[in-house]
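**Q** Give me a 3D structure for the following:
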Amino acid sequence: MKRFIAGILISMTICTASISNAEEKVVDGIVAVVNGEIVTMYELNSKMAPILKQFSGENLSAVEVERLKKIRQQILDRMVTEIIIDQESKRMKVDVTDQEVEGEVNAIKEKSNLSDAEFERQLELQKTSLDEFKDKIRKDIRKHRLLSYKVKNKVVVTDEEIKAAWNSTKTEQGNIAQNVHLKLILFPPTTSAEEVRKDIIAGNITFEDAADKYTTGPGMGNGGDLGVLKWKDLAQTWHDALDGLKPGDISEPFEVQESKALLKLDSYEKTEKVSFEDSKEKLYDKLYQKKQDKLFSDFIKKLKEKAVIEYK
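**A** Below you'll find the model as predicted:
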């Protein structure tokens, strides 16, 4: 079985903080109900704790308070999604044996180089029991099996799509971009990225002046200049935004951490001669992941449309 539980025990349990024992738990409210299954304030606060700890003792600005509200809602939405997926996996009778769960627990201990006693100590530090930990693993296995059945098996990438992707990554000289010089405008909620882009295209304002005027991201005061970046380090959404652009072109507005953004492809700083055959496998993986993400998003959307979700 492919290992999908990655990282050491500590980081995993922080990211998936579970409910502690009933006698230690204080339920001070319900924040959501998903098909009759509740999400408590305690559970949500447990997920938020590592983030809030970063701001401990600080006076938060209005912008930071608003940002924390958005993060809280994102976390709550993810919790709701996880519940919906688990409910669907149960409905589909996706089975996970005790032996499979034990196998994953042993694999985690082995990868983290923990003895049984050290493993139990880590669980205590994270205020979770072994049964709760195993229950989380069981849900993860069910989730991945469900998604494999509902999503992964439906992904098809054709040779024509791979060829088109290959052509889109080539520079004007016919080489493949390795490094790119980019400029960014990250817009505040009160400013329309679409309108600013129209002004830039019409020549009413330069991209650099617009960046100095509007951007809330890196490159502020420097024309939005991000410097030279490695193509492989850019997120898929940035790849999509830059697709088909030539040096000097401006992207269409796209999402960056829930804010609208524009990119300017300043130049290709480094290119490399690479054959289609050498790049075919990487292009396939990129297209496969993109299609899988789209199918996953559609699948979750349909589940949510059928679900009865009430936010408190």
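**Q** Nearest residue to Glu102 in space, please, no chain neighbours.
**A** Leaving aside its sequence neighbours, Glu102 sits nearest to Lys134 (CB to CB, 6 or more residues apart in numbering; 8.0 Å). To be clear about C-beta, it is placed using only N, CA and C from the backbone, and glycine gets the same treatment.
**Q** That neighbour: which element?
**A** Counting by DSSP states H and E, the element that carries Lys134 is helix 130-150.
**Q** For that helix, name the packing helices and strands.
**A** Using 3 or more CB pairs under 8 Å, 6 or more residues apart in numbering; DSSP states H and E, the elements in contact with helix 130-150 are helix 62-91, helix 98-111, helix 116-125, helix 276-306.
**Q** Can you tell me which helices and strands the helix or strand just after it packs against?
**A** Sequence-wise, the next helix or strand downstream of helix 130-150 (DSSP H and E) is helix 159-168. Helices and strands touching helix 159-168, as assessed by 3+ CB pairs under 8 Å, 6+ apart, comprise helix 276-306.
**Q** List the buried residues for the helix it packs on?
**A** Ser279, Leu283, Lys286, Leu287, Lys290, Lys291, Gln292, Leu295, Phe299, Ile300 (16 or more other CB atoms under 10 Å).
**Q** before we move on, the earlier item: measure how far the helix holding Lys134 is from the centre of its chain, please.
**A** 19 Å (CA atoms, centre = their mean, to the nearest Å).
**Q** model confidence over that helix, on average?
**A** Mean pLDDT, computed over helix 130-150, is 86.
**Q** May I have it as CSV, with CA atoms only?
**A** Taking Å, rounded to 0.1, in the frame of the first residue of the first chain, the C-alpha atoms of helix 130-150 are listed here in CSV:
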residue,chain,number,x,y,z
LEU,A,130,-4.0,5.4,20.9
ASP,A,131,-7.6,4.6,20.0
GLU,A,132,-8.1,8.2,18.7
PHE,A,133,-4.9,8.0,16.7
LYS,A,134,-5.9,4.7,15.1
ASP,A,135,-9.3,6.2,14.3
LYS,A,136,-7.6,9.0,12.5
ILE,A,137,-5.5,6.6,10.5
ARG,A,138,-8.6,4.5,9.6
LYS,A,139,-10.3,7.6,8.3
ASP,A,140,-7.3,8.5,6.2
ILE,A,141,-7.2,5.1,4.7
ARG,A,142,-10.9,5.1,3.9
LYS,A,143,-10.6,8.6,2.4
HIS,A,144,-7.7,7.7,0.1
ARG,A,145,-9.5,4.5,-1.1
LEU,A,146,-12.7,6.4,-1.8
LEU,A,147,-10.9,9.1,-3.7
SER,A,148,-8.9,6.5,-5.6
TYR,A,149,-12.2,4.9,-6.7
LYS,A,150,-14.1,8.1,-7.3
